[in-house]
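1. can you look at this prediction? I've put the sequence above it.
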Amino acid sequence: MPNKRPSALIAEDEPMLRAQLRARLTQAWPELAVVAEAENGEQALALQRELEPDIAFLDIRMPVKSGLDVATELEGACHVVFVTAYDEYAVTAFEQGAVDYVLKPVTPERIEKVVERLKQRLERPPGDLATVLAQLGARDSTGPLRWIKASLGASMRLIPVDEVVYFHAEDKYTKVVTSDGEALIRKTIKELFDELDPELFWQVHRGTIVNLRAIARVERDYRDQPLVILRARPEKLTVSRTFAHLFKAM
């Protein structure tokens, strides 16, 4: 496409991840015009039909309509790149050869590979996604952890995972912190991380996992290390060097 600047739509319901993906794309492919951003599948469809971008970056798990629903309805109208935290989704899709994927958290290396392939794909019409969409749609999953059974003094409490601001390791326990209190569970940070939805919970320190929706913003401390500022809690969460790359583009 020598005379036309390639264009793209980004559909991702989490604002921080949307901003990160956009920043990574800008770094890896300055010529690409990101013409629209959507926070759910319905918006993505409407914007795609209105603006007709060459590429749609679709989060597989979105409200209203999922990325799979959107891709099904687009029926080859543009090239599709699935954005997912789940390797199983991505590998199945990628092996079909008709679709690309980006794994969260989005790293410069992953984006560079996708950009390289997309530049080649743009020379041809979008591939038929029917087979891969059927496979992805049929994928069986028990799903991530939804409730936490925690002790609060002498009583037990069921806490919806969505209400957790962050988890923090303390001796043999893990502290479950919500906007209005704290509780303890006998589960390690590693066990929790394996059970939580990786699209919503990021590990930011060896002993800390944070809910992305609970983050107000990310600042830098005097060492230029990321510092997580929470919406509903006064404390700030330190991001260790091991996990600092997650916030590179923020």
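-> Now that the structure is in, tell me what you want to look at.

2. roughly how far apart are the residue nearest in space to the middle of the chain and A216?
-> When the chain is reduced to its mean C-alpha position, the closest residue under C-alpha atoms, centre = their mean turns out to be E199, at 4.5 Å. Computed as C-beta to C-beta, to the nearest Å, the E199 to A216 distance reads 19 Å. Bear in mind the C-beta positions are built from the backbone N, C-alpha and C, glycine included.

3. for K113, same thing?
-> For K113, the distance to A216 (C-beta to C-beta) stands at 33 Å.

4. residue ranges with poor pLDDT in the protein?
-> Flagging of the chain using pLDDT under 70 yields the residue ranges 1-3, 87-98, 135, 137-143, 249-250.

5. how does it divide up, domain by domain?
-> The record, using automatic domain parsing to delimit domains, assigns the chain the ranges 7-137, 147-247.

6. quick check: phi and psi on the residue lying farthest from the centre of the chain?
-> Here the chain has its C-alpha centre computed as a mean, and the residue farthest from that point, by C-alpha atoms, centre = their mean, is A154 with 37.2 Å. A154 has phi and psi values of phi -90, psi -10 when expressed as degrees, to the nearest 10.

7. next one: P108
-> With angles defined as degrees, to the nearest 10, P108 sits at phi -60, psi -40.

8. who touches it in this structure?
-> Contact criterion C-beta atoms under 8 Å, 6 or more residues apart in numbering gives 24, 27-28, 248 as the residues in contact with P108.

9. show me which of the residues you listed are buried.
-> The neighbour count (16 or more other C-beta atoms under 10 Å) marks 24, 28 as buried among the contacts of P108.

10. farthest pair in the contacts of P108?
-> Of all pairs drawn from those, the greatest distance, 12.9 Å, lies between A28 and K248 (C-beta to C-beta).

11. hmm, I215 and V228 touching each other?
-> Yes - taking C-beta atoms under 8 Å as the definition, V228 is a contact partner of I215 at 5.7 Å.

12. where exactly do the helices run in the protein?
-> Counting by DSSP state H, the chain has helices at residues 15-28, 41-51, 67-74, 87-95, 108-121, 130-137, 189-195.

13. how far is the fifth one from where the chain is centred?
-> It refers to helix 108-121. The chain centroid and the centroid of helix 108-121 are separated by 18 Å, computed with C-alpha atoms, centre = their mean, to the nearest Å.

14. mind listing what's buried in it?
-> By neighbour count on 16+ other C-beta under 10 Å, the buried set for helix 108-121 is 110-111, 114-115, 118, 121.

15. can you tell me how far G127 sits from C78?
-> As for G127, its distance to C78 is 11 Å (criterion: C-beta to C-beta).

16. and the two? Which one has more around it.
-> C78 (19 against 16; other C-beta atoms under 10 Å).

17. quickly list what the closest residue to that one other than its chain neighbours is bridged to.
-> Nearest in space to C78, with sequence neighbours left out and distances taken as C-beta to C-beta, 6 or more residues apart in numbering, is A56 at 5.2 Å. Taking DSSP bridges, one obtains L9, V80 as the residues bridged to A56.

18. quick one: contacts for A56?
-> Contacts for A56 (C-beta under 8 Å, 6+ apart) come out as 8-9, 11, 44, 48, 70-71, 74, 78-81.

19. I figured L45 hits V70, correct?
-> Yes - between L45 and V70 a contact is recorded at 5.6 Å, counting by C-beta under 8 Å.
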